[in-house]
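Novice: Here you go, sequence then predicted model.
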Amino acid sequence: MTEFCPHLWNTLTIDHKGDVYNCCLIQPAKLGSIYTDKLSELINLPEIVGIRQRSLNGDLNCYHDCNLIEKSHINSQEIGNNDLICNYSDFKTLYVDFGLKCNISCIMCRQRARYRTDRRTLNSEFLIKNIDIEPFSDIFLQGGEPLFIDECLKYMTFLAKRRKKYSLFTNGILINREMASRLAEEAKMIGISLNAATKKTHEIVNRGSSWERVLDNIQVLREYKEKYDSDLLINGRMTLTVNALPEISLFIESYKSFGFDTINFGYDRDTVPLYLQQNPEFTSDLSKEIKSALLHADRSSIDSLRLFQLGLI
């Protein structure tokens, strides 16, 4: 049996310091730096080849606590030893984290506080110079708030000129008409962190945000999507906090009216699992509400992995 992590074979991540990893959770080991290395030269270093082997052997240190992947056990024979060495063309997913700078301060997010002492921003010139983007079909841009970071805007321009569609995670505040027009033409997916299903809870969780402004911006984005007959996917993200747990079923019932095509969930690992464990009656009732909402929902548009991981479905 294995602890197979597909990211070791198909994903690369660059954090805001320029360090390169396989996983967007900054695991399992640093491969190098985009400031000094070509990305294509980092994929088969001895350390990462050894980590791939440990993954197949069932000895991947970060696997047990990982909530990013849908875990599946496969025999090492199904992959074969030759696949320990990868071709650069095998890598299809790229995550780029431009920095901690953000225009709001979500209660579960530590980035705003970290930004006070770490104001580094990823330099787009080195991304352009040292990354051959040709193999990547999924390019995810994130922050902080990526639309609040000039270097991200520059890299978006580069990708658009190369006709490479990107996906972007945002709180939605900065999607004015000009930005909505741009994203509808350039982007593959826009993930908007609404994090609640009501104005009151949204503005408690996304401190500094405006419920009405974000919903209006989503509708403007939809307007341009339809105008350009774009295949842009607008995804609603609900990162679960203790405050917003009672609103999960309402989020499932309302996401289409908010303007989302699809939705997914995350959760604050420091608070939510413990709260659910310590409040079994609440958790049981919540689970029933969620299951009922899902019965009447389009399940093909809902990524419920995190709800499953929390034992809510």
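Specialist: Structure received.
Novice: mind saving the C-alpha coords of the helix or strand of the chain with the lowest mean pLDDT as CSV?
Specialist: None of the helices or strands of the chain scores lower by mean pLDDT, DSSP states H and E than helix 111-115, at a mean of 78. What follows is helix 111-115, C-alpha atoms only, in CSV (Å, rounded to 0.1, in the frame of the first residue of the first chain):
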residue,chain,number,x,y,z
GLN,A,111,-1.6,36.6,6.5
ARG,A,112,-2.6,40.2,7.4
ALA,A,113,-0.7,40.0,10.7
ARG,A,114,2.3,38.2,9.0
TYR,A,115,2.4,41.0,6.4
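Novice: List the residues that contact residue 259.
Specialist: By CB atoms under 8 Å, 6 or more residues apart in numbering, residue 259 lies in contact with 215, 218-219, 221-222, 234. C-beta here means a position set from N, CA and C on the backbone, and glycine is covered the same way.
Novice: Repeat the analysis, applying 10 Å as the threshold.
Specialist: With contacts defined as CB atoms under 10 Å, 6 or more residues apart in numbering, residue 259 is in contact with 172, 192, 194, 214-223, 225, 234, 236.
Novice: just residue 246 next, same as before
Specialist: Applying CB under 10 Å, 6+ apart, we find residue 246 in contact with 196-198, 201, 282, 285-286, 289.
Novice: Show me just the buried residues among the contacts of residue 259.
Specialist: The neighbour count (16 or more other CB atoms under 10 Å) marks 172, 192, 194, 214-215, 217-218, 220-222, 225, 234, 236 as buried among the contacts of residue 259.
Novice: Mind putting those into a markdown table with secondary structure?
Specialist: A markdown table is the format used below for these (DSSP: H, G, I helix; E, B strand; the rest coil):
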| residue | secondary structure |
| --- | --- |
| 172 | coil |
| 192 | strand |
| 194 | coil |
| 214 | helix |
| 215 | helix |
| 217 | helix |
| 218 | helix |
| 220 | helix |
| 221 | helix |
| 222 | helix |
| 225 | helix |
| 234 | strand |
| 236 | strand |
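Novice: Just flag the most distant two among those.
Specialist: Of all pairs drawn from these, the greatest distance, 17.4 Å, lies between 194 and 225 (CB to CB).
Novice: Mind pulling the model confidence for residue 82?
Specialist: Per-residue pLDDT puts residue 82 at 49.
Novice: for residue 1, that is, sorry about that
Specialist: Listed pLDDT for residue 1 reads 52.
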